[in-house]
Structure formats: C-alpha cells, structure tokens
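*Asks:* My questions are about this predicted structure, shown below with the sequence.
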Amino acid sequence: MDCLFCKIIAGDIPSTKVYEDELVYAFRDINPQAPTHVLVIPKAHIDSVNGINAENSAVVAHIFEVIPKIAAMENLMDGYRVVSNCGPDAGQTVFHLHFHILGGKELSLEMA
C-alpha cells in the first residue's frame, strides 16, 4: 500500500509522536495551521469518514476517547477544534482517515 500515514505508522517515515496505543497513532502535523496541530489516525487503514462502517466504527469511538487526553497533554484548556476533511473538495490530501486537533490560540470562526 502506498499510503503516507500507513508508512508513518510502520516507522518507514519519521514523525513526531504525541500519543500511541494499540489502535491509534497521533503525531504533529508538519505544516501546522495553529500553534498546536496534532493528527490522530487509526492504525487500521480507513480511507476517510466515508469508509467508517459497523466493522471499524469502534476505532473511531476510541479516537474520540483519546482526543481529550491528547488535548489535556497539550494544555489546550481554553479549547480546541477537531476537524476531518472528507474527499478532495474538502481538502483531504492523504486518504487515510485522520482527525486534526487544532489549538493553542483563539481560532477564527471562519470555516469552523
């Protein structure tokens, strides 16, 4: 498979790990859009939100249990945004489900 995020999970491409468990890997975005910009991805390859189904939805629930833990580790007490782009028109460039945690400053309401 020629998936950038699968290669990061496998350790073939370096990343700055923020969190990892048996289902999830989280790392710093290399092109941050906020002072804190962490990507949270399932270790199992799912193309996008459109690929979530009954067989894999538990990992997405787990991701949303992990996101507040990461936010706390990153000291995002004043708030943060969670974003997932789905498809090219939405700006998805890596077709492996991922959630952006953005924070560390007051975020614009534009495109919120």
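*Replies:* Right, received. Where do you want to start?

*Asks:* right, and the helix or strand after the lengthiest strand in the chain?
*Replies:* In the chain, assigned by DSSP state E, the strand with the most residues is strand 36-42. The first helix or strand that comes after strand 36-42 along the chain, using DSSP states H and E, is helix 57-73.

*Asks:* Can you show me the CA trace of that following helix as PDB?
*Replies:* Listed in PDB are the C-alpha atoms of helix 57-73, where the atom choice follows Å, rounded to 0.1, in the frame of the first residue of the first chain:
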ATOM      1  CA  SER A  57     -16.600   2.300  13.900                       C
ATOM      2  CA  ALA A  58     -15.300   1.200  17.300                       C
ATOM      3  CA  VAL A  59     -11.800   2.500  16.500                       C
ATOM      4  CA  VAL A  60     -13.400   5.900  15.700                       C
ATOM      5  CA  ALA A  61     -15.200   5.900  19.000                       C
ATOM      6  CA  HIS A  62     -11.800   5.100  20.600                       C
ATOM      7  CA  ILE A  63     -10.200   8.100  18.800                       C
ATOM      8  CA  PHE A  64     -12.800  10.400  20.300                       C
ATOM      9  CA  GLU A  65     -11.900   9.000  23.700                       C
ATOM     10  CA  VAL A  66      -8.200   9.700  23.100                       C
ATOM     11  CA  ILE A  67      -8.700  13.200  21.600                       C
ATOM     12  CA  PRO A  68      -9.500  14.800  25.000                       C
ATOM     13  CA  LYS A  69      -6.500  13.100  26.600                       C
ATOM     14  CA  ILE A  70      -4.200  14.500  23.900                       C
ATOM     15  CA  ALA A  71      -5.800  17.900  24.300                       C
ATOM     16  CA  ALA A  72      -5.100  17.800  28.000                       C
ATOM     17  CA  MET A  73      -1.500  16.600  27.400                       C
END
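
*Asks:* re the thing from before, give the buried residues for the longest strand of the chain.
*Replies:* For strand 36-42, burial by neighbour count (16 or more other Cβ atoms under 10 Å) applies to Thr36, His37, Val38, Leu39, Val40, Ile41, Pro42. C-betas here are computed from N, CA, C, even on glycine.
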